[in-house]
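Participant: sequence plus predicted model, see below.
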Amino acid sequence: MQAVLWLNAILLFPYNGLTVNGVLASGLIYGWCASVSALLWVFIKSLLVESAKIKPLELQLGRIRRDRELFRGLVSSPNEVDFDAVDDDITVGNLDAPIHIVAVTDPYCSPCKSTHEFLAQLQTQHSDAVRLSFVFHVKSGNVEDKSNSLIIRILNLPVSARSHALEHWFRTSDLGAEATRSTDGNDSNGLQLFKNHKNWCAFNGIAYTPTLYVNGHKIPVHYDLHSLSYQIRAMQDELVA
């Protein structure tokens, strides 16, 4: 780096001449370049130091995510969340499947869209072992809110049409023609289920979406979707073995 600075000074020197002003100008230019280079080096060095610190943490987190014993203990502890009030409102798969994944979701949540797609693929791949259920994150009782009004519309559909409508919404931002035909204009049933979801979210302190549960146990946020998929495959392998 110093060599570059000297080269700059030498190249600029002929243009400034051997006058006092020329020497001063070259010195100022050299000083400015040196200062900028020093600041850049301090910044780059700090990034390198932080990267050196983060890399071992990332490796450790990866090992935790793939630790089967740790995950098995997480989903088999006695502290299960009760889903009875909302469990069967939107569900996909065998009701007797040994692995039950519940996603607390929001129709206008972008991460919920990708999570929904991922979980749907996961359930398709492990249809005999995995059952999916969806609970709506209702933050207020305002039925005029665009998210709440959409939730009521979905919950007002026949049970068999709800999961298709939610999937269609996340894929196209529309409930689909089937959902429109299934709506009879009376929202009383959807409104009651909406209240059940609101009360359930308030009771369990849902703070963000998506929030995921496996067999009644909340999955910590450091488990990303790929590590969750790994653990679900491991659980299925143990069931088959």
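Facilitator: In hand now; what should we look at?

Participant: for the helix or strand Trp169 falls within, give me every contacting residue.
Facilitator: According to DSSP states H and E, Trp169 maps onto helix 159-172. The contact list for helix 159-172, computed with Cβ atoms under 8 Å, 6 or more residues apart in numbering, reads 88-92, 105, 107, 112-113, 116-117, 120, 134, 150, 154-155, 157, 174-176, 178-179, 182. Quick note: C-beta positions are derived from backbone N, CA and C, even for glycine.

Participant: now, those residues that are in strands?
Facilitator: Taking DSSP state E, the ones among those that sit in strands are Thr91, Val92, Thr105, Phe134.

Participant: make a PyMOL selection of the buried ones in those.
Facilitator: Remark: buried members of the ones in strands among the contacts of helix 159-172, expressed as a PyMOL selection using 16 or more other Cβ atoms under 10 Å:
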select buried, resi 91+92+105+134
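
Participant: between the ones in strands among the contacts of helix 159-172, which sits nearest Leu225?
Facilitator: Using Cβ to Cβ, Thr105 is the member of those that lies nearest Leu225, at 13.6 Å.

Participant: OK, contacts around that closest one?
Facilitator: By Cβ under 8 Å, 6+ apart, Thr105 lies in contact with Cys112, Thr115, His116, Phe134, Val135, Phe136, His137, Leu166, Thr209, Pro210.

Participant: again, only this time at 7 Å
Facilitator: Applying Cβ atoms under 7 Å, 6 or more residues apart in numbering to Thr105 gives the contacts Cys112, His116, Phe134, Phe136, His137, Thr209, Pro210.

Participant: and the pLDDT at the residue nearest to the spatial centre of the chain?
Facilitator: The residue lying closest to the centre of the chain (Cα atoms, centre = their mean) is Pro111, at 4.9 Å. pLDDT recorded at Pro111 is 94.

Participant: skip the chain neighbours and tell me the closest residue to it.
Facilitator: Leaving aside its sequence neighbours, Pro111 sits nearest to Pro210 (Cβ to Cβ, 6 or more residues apart in numbering; 6.1 Å).

Participant: separation between the one you found and Val75?
Facilitator: When distance is defined by Cβ to Cβ, to the nearest Å, Pro210 is 17 Å away from Val75.

Participant: mind listing the strands for this protein?
Facilitator: According to DSSP E, the strands that the chain contains are 91-92, 99-105, 130-136, 211-214, 217-218.

Participant: what about the ones you listed, which gets the closest to Asn79?
Facilitator: Using Cβ to Cβ, the nearest of those to Asn79 is strand 217-218, at 7.3 Å.

Participant: please name the nearest non-neighbouring residue to Phe71.
Facilitator: Ranked by Cβ to Cβ, 6+ apart and with sequence neighbours excluded, the top spatial neighbour of Phe71 is Gln231, at 4.6 Å.

Participant: actually Leu212, not the one I typed
Facilitator: Leaving aside its sequence neighbours, Leu212 sits nearest to Ile219 (Cβ to Cβ, 6+ apart; 4.5 Å).

Participant: wait, Arg131 touches Pro98, no?
Facilitator: No: judged on Cβ atoms under 7 Å, Arg131 makes no contact with Pro98 at a distance of 8.7 Å.

Participant: so for those two, which residue has more residues nearby?
Facilitator: Arg131 (20 against 14; other Cβ atoms under 10 Å).
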